[in-house]
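Undergrad: pasting the sequence and the predicted coordinates here, then a few questions.
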Amino acid sequence: MKRRDLLGAAALLPFGTALLPAPAIARKGECPGTGDLGLIIERATGSVLIVNTSHQEILGRIEGLGDLSHASVVFSRDEKYAYVFGRDGGLSRIDMQGRLMDRRIIQGGNSIGGAISDDGQLIAVSNYKPGGVKVFDSATLQTIAEIPATWEGGQSKTVGLVDAPGRRFIFSLYDAGEIWMADFSDGDSPDIVKIGKAGRLPYDGLIARNGRIYIAGLFGEDGMALVDLWQDPLKVRRILDGYGRGEKKLPIYKMPHLEGWTEADGMFFFPAVGHHEVLVMDGRTWELVGRIPVHGQPVFVMARPDGRYIWVNFAHPDNDTVQVIDTMTRKVVKTFKPGRAVLHMEFTPRGEQVWLSVRDANRIDIYDTHSMERVKSLPAKSPSGIFFTARAHRIGL
Amino acid sequence: MLRSSPLHMIVHLLPVLTASIALATGAYALAGDLAPERTRELVHLVRQDCGSCHGMTLKGGLGKPLLPENLADRDAETLAEIILDGIPETPMPPWRGQLTETEALWIARKLKEGFPHETP
């Protein structure tokens, strides 16, 4: 088309349309696509914020989610719904676009986290009380299965619940020290597979390498428990046995989490327990190859999505600090103090920004992950977990 | 009294950092002596940081529930010692160094009465 024709065509369009470039994303004020959305827990008030990550703005607040002093979130695969797992056993479904809570049940007495199956149909919740896992229909929140974590000591608290490929869930039994699998591949009546002994007091678990490897961290002894889901039969393998043997453990004022591990440069980075270190494990040999001294007891050790840098926050009383580790040199390259009680960090889907919750400052801080400078802050009431919808497409989140 | 209880004596035999604590805490004071500002900080600490394990409503989580009915069979002094020295082989850490004995006792008593909520 010649230039003159182009101008002529533009003249036929409604005024203004041809003058503005077509927006790459929804403009501020327009209804965003769900990929731009996120949810932030306000732990003290039982409320959540819906946010837009491209415009870095708060879109709304939803109240009435109960006790969110510990909470986690999974998303439906279309990113329309967030399922919020609260401390009080509440399971709330949030319509991210409608910005409202459309369903809520109290499914247990005391819960720690949840997972969604690969097909999006099943929501599993791990409970402290009654100890076990319950599974719900994601559309109706009707109960599908109850899996009591029964052992010789009664019903064990369950932790580290994740989804695995093939409508399966893996979780650890805190009191019993075991790793179990609930396999829903044949329908809604699961096969319960007691995979094996993990060790003393597994405190969290994660799934790595696109759903192949489950690893449980142990509080009660040095070492970790690993399950390779590609093996048949499944079995638990102990790794890193005695990495801190003979060393005095420091007190831990908040349990570390294992979410956000990544295999960066062939290595896994994760929090030490009772040592002010980030540990580096070789992803081929499962051997410890490095210990990076850091500011305090790490809680979250989260790799930027490209794996180039690792962001770390810390337990009380060092939770005013965040450090950034260079994956290549395995050294801390930046230390800063956003404010008291930095509880969580979430990267934007490709990692150009990271959002931090600064609980006692009632603030969300947004950082550019390349310049490591703060670009914006948003007000929030006692913010804790930050969850962006891109999690919908990641195994184990 | 804190000093005369058996648990406290046992704890002194454990390899914990007790030397610095005696210096840090100094003389005993009555719980009533805590400044209002400090008690506000303690309420925040218990609700938020103890709440990481015990739940912000203190109904329990990974840690045990800390509501009055759960603590009825233990006296405040015993609870204060647990706060200060932790429970070995469990995730309950020692808060000595961050809390004085007076403060721990104040927290223990308030837990038994029904712990106050944070005021905005």
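TA: Received, thanks.
Undergrad: and chain B, which of its residues are near chain A?
TA: B:15, B:44, B:47-49, B:51-53, B:55-57, B:59-62, B:86, B:89, B:91, B:93-94, B:98, B:118 (Cβ under 8 Å from any Cβ of the partner chain). Quick note: C-beta positions are derived from backbone N, CA and C, even for glycine.
Undergrad: and those residues, which are buried?
TA: Buried subset of the residues of chain B next to chain A (neighbour count, 16 or more other Cβ atoms under 10 Å in any protein chain shown): B:44, B:47-49, B:51-53, B:55-57, B:59-62, B:86, B:91, B:93-94, B:98.
Undergrad: quick one: which of the residues you listed sit in helices?
TA: Counting by DSSP state H, the part of those found in helices is B:H44, B:G51, B:S52, B:C53.
Undergrad: TSV for these, including pLDDT and distance to A:L122?
TA: TSV is the format used below for those (pLDDT from 0 to 100; distance: Cβ to Cβ, whole Å):
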residue	pLDDT	distance to A:L122
B:H44	93	39
B:G51	90	30
B:S52	86	29
B:C53	90	29
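Undergrad: and which of those residues is nearest A:I25?
TA: Within those, distances to A:I25 taken as Cβ to Cβ reach their minimum at B:S52, with 36.7 Å.
Undergrad: the stretch 151-300 of chain A: strands as residue ranges?
TA: Per DSSP state E, counting those that start in this stretch, the stretch 151-300 of chain A carries strands over the ranges A:154-155, A:158-164, A:168-173, A:178-183, A:191-197, A:202-208, A:213-218, A:224-228, A:236-239, A:263-264, A:267-271, A:277-282, A:288-293, A:298-303.
Undergrad: now those in CSV, with mean pLDDT?
TA: Conversion of the strands of the stretch 151-300 of chain A to CSV gives the following (pLDDT from 0 to 100):
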stretch, mean pLDDT
strand A:154-155, 94
strand A:158-164, 96
strand A:168-173, 97
strand A:178-183, 98
strand A:191-197, 97
strand A:202-208, 92
strand A:213-218, 94
strand A:224-228, 96
strand A:236-239, 96
strand A:263-264, 76
strand A:267-271, 92
strand A:277-282, 94
strand A:288-293, 95
strand A:298-303, 94
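Undergrad: what would these look like in TSV with distance to A:T335?
TA: Below are the strands of the stretch 151-300 of chain A laid out as TSV (distance: least, Cβ to Cβ, whole Å):
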stretch	distance to A:T335
strand A:154-155	43
strand A:158-164	30
strand A:168-173	33
strand A:178-183	36
strand A:191-197	39
strand A:202-208	25
strand A:213-218	25
strand A:224-228	27
strand A:236-239	30
strand A:263-264	20
strand A:267-271	17
strand A:277-282	13
strand A:288-293	12
strand A:298-303	13
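Undergrad: show me which helix or strand of chain B is least confident by mean pLDDT.
TA: helix B:19-25 (a mean of 40; mean pLDDT, DSSP states H and E).
Undergrad: got any ranges where chain A has weak pLDDT?
TA: Scanning chain A for pLDDT under 70 picks out A:1-24, A:245, A:260-262.
Undergrad: at 80 what do you get?
TA: Applying pLDDT under 80 to chain A flags residues A:1-25, A:27-31, A:242-246, A:259-265.
Undergrad: what residues does it have near chain B?
TA: A:43-44, A:67, A:69-70, A:87-88, A:110, A:112, A:128-129, A:157, A:159, A:174, A:201, A:203, A:219-220, A:248, A:251-255, A:316-317, A:341, A:359-360, A:382.
Undergrad: show me where chain B dips below the pLDDT cut-off.
TA: In chain B (pLDDT under 80), the answer is B:1-33, B:119-120.
Undergrad: mind naming the longest helix for it?
TA: helix B:101-113.
Undergrad: what helices and strands are in contact with it?
TA: helix B:36-44, helix B:68-71, helix B:76-85 (3 or more Cβ pairs under 8 Å, 6 or more residues apart in numbering or on different chains; DSSP states H and E).
Undergrad: which one of those helices is the most hemmed in?
TA: Among the helices and strands packed on helix B:101-113, helix B:76-85 has the highest mean neighbour count (mean count of other Cβ atoms under 10 Å in any protein chain shown), at a mean of 21.
Undergrad: which strands and helices sit next to it?
TA: Partner elements for helix B:76-85 (3+ Cβ pairs under 8 Å, 6+ apart): helix B:6-13, helix B:101-113.
Undergrad: how far off centre is it?
TA: Offset of helix B:76-85 from its chain centre (Cα atoms, centre = their mean, to the nearest Å): 5 Å.
Undergrad: now the angle from that helix to helix B:101-113?
TA: 120 degrees (axes from the mean of the first three to the mean of the last three Cα atoms, to 10 degrees).
Undergrad: just the C-alpha atoms of helix B:76-85, please, in CSV.
TA: This file holds the C-alpha atoms of helix B:76-85, laid out as CSV (Å, rounded to 0.1, in the frame of the first residue of the first chain):
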residue,chain,number,x,y,z
ALA,B,76,3.9,-19.3,83.6
GLU,B,77,7.5,-19.8,84.8
THR,B,78,7.8,-23.1,83.0
LEU,B,79,6.4,-21.5,79.8
ALA,B,80,8.9,-18.7,80.2
GLU,B,81,11.7,-21.2,80.3
ILE,B,82,10.5,-22.9,77.2
ILE,B,83,10.4,-19.5,75.5
LEU,B,84,13.9,-18.6,76.6
ASP,B,85,15.6,-21.9,76.0
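Undergrad: now do the helices in chain A.
TA: So, for chain A - with DSSP H - the helices run A:3-12.
Undergrad: please name the bridge partners of the closest residue to A:V51 other than its chain neighbours.
TA: In space, and not counting its chain neighbours, A:V51 is closest to A:G38: 4.7 Å by Cβ to Cβ, 6 or more residues apart in numbering or on different chains. Counting by DSSP bridges, A:G38 is bridged to A:V51, A:F388.
Undergrad: list the contacts of A:G38.
TA: A:I50, A:V51, A:N52, A:T53, A:E346, A:W355, A:I386, A:F387, A:F388, A:T389 (Cβ atoms under 8 Å, 6 or more residues apart in numbering or on different chains).
Undergrad: which one of the ones in helices among the buried ones among the residues of chain B next to chain A is nearest A:I147?
TA: Nearest member of those to A:I147, counting by Cβ to Cβ, is B:C53, at 23.9 Å.
Undergrad: state the distance from the closest one to B:E37.
TA: Going from B:C53 to B:E37 by Cβ to Cβ, to the nearest Å gives 26 Å.
Undergrad: now A:A216
TA: On the measure of Cβ to Cβ, A:A216 and B:E37 end up 42 Å apart.
Undergrad: next: B:R74.
TA: B:R74 is 29 Å from B:E37, where distance means Cβ to Cβ.
Undergrad: ditto for A:R212
TA: 53 Å.
Undergrad: show me the contacts for the nearest residue in space to A:L343 that is not next to it in sequence.
TA: Spatial nearest neighbour of A:L343, chain neighbours left out: A:S384 (4.6 Å); criterion: Cβ to Cβ, 6+ apart. If a contact means Cβ under 8 Å, 6+ apart, then A:S384 has A:I41, A:E42, A:R43, A:L68, A:A71, A:L343, A:H344, A:S357, A:R359 as its contacts.
Undergrad: ok, for residue 76, nearest residue in space, not its chain neighbours?
TA: I'll assume chain A. Using Cβ to Cβ, 6+ apart and skipping residues adjacent in sequence, the residue nearest A:S76 is A:G120, 5.7 Å away.
Undergrad: look at chain B instead
TA: Closest to B:A76 by Cβ to Cβ, 6+ apart is B:A108, at 4.1 Å.
Undergrad: residue contacts, that neighbour?
TA: Contacts of B:A108 by Cβ under 8 Å, 6+ apart are B:A76, B:E77, B:T78, B:L79, B:A80, B:I83.
Undergrad: what about A:H370, neighbour count?
TA: By the criterion of other Cβ atoms under 10 Å in any protein chain shown, A:H370 has 12 neighbours.
Undergrad: only the buried residues of stretch A:244-251, if you could.
TA: Taking 16+ other Cβ under 10 Å as the criterion, stretch A:244-251 shows A:G244, A:P251 as buried.
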